[in-house]
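Asker: Starting from these lines, generate the structure:
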Amino acid sequence: MKTNVSVIQKLLSQAHEAEQRQAALLAQKKEQYRHALKLLNDLQAHVIHYQQRQHAMGCSVAWGEAQAMRDFIDTLKTTASMQRTEVNRLQSMLDEQTKAWTATRQRVKALEQLVSKRRATAFATQRRREQAELDDWLLHQPSQRAA
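Answerer: Predicted coordinates for the structure are as follows:
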């Protein structure tokens, strides 16, 4: 029983280390995702800003300047679209990392429960053994009444 508990304790220790690694990777993926999402939001805000600016300019600018503004807005839209793709990719990676961390966390909890049950069983076995020894000792004691 002692060997089983020590093996389980070693597995639990390894699971805790794996959980810490998974948690660090999860934090890293979350930060990458947040950064990419912020960049996407900034790009989308720039698209809106320059579209409003283009609309406000109306017909009061030269054709070349209006064309340059349209090209710039198209470039911003293309960049925003590429960033949306990156955000989606990072979201998928974040989802996978969350699943990995969750699985590792469940393993840690299961091992913790197993260690707890093994300790409770060992304690109960020890108590039964001690009680049996005490009962045996009491049965084999010479009677104190004869004195």
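Asker: Please make it C-alpha for all contacts and neighbour counts, starting now.
Answerer: OK.
Asker: elements contacting whatever helix or strand residue 82 lives in?
Answerer: With elements taken from DSSP states H and E, the one containing residue 82 is helix 63-139. Using 3 or more C-alpha pairs under 8 Å, 6 or more residues apart in numbering; DSSP states H and E as the contact criterion, the neighbours of helix 63-139 among helices and strands are helix 2-57.
Asker: ok so, going back, between the helix holding residue 82 and helix 2-57, how many degrees?
Answerer: 160 degrees (axes from the mean of the first three to the mean of the last three C-alpha atoms, to 10 degrees).
Asker: What's the local residue count around residue 50?
Answerer: A total of 16 residues lie near residue 50 under the criterion other C-alpha atoms under 10 Å.
Asker: ok, now how distant is it from residue 68?
Answerer: According to C-alpha to C-alpha, to the nearest Å, residue 50 stands 11 Å off from residue 68.
Asker: what do you get for residue 22?
Answerer: Per C-alpha to C-alpha, residue 22 is found 48 Å from residue 68.
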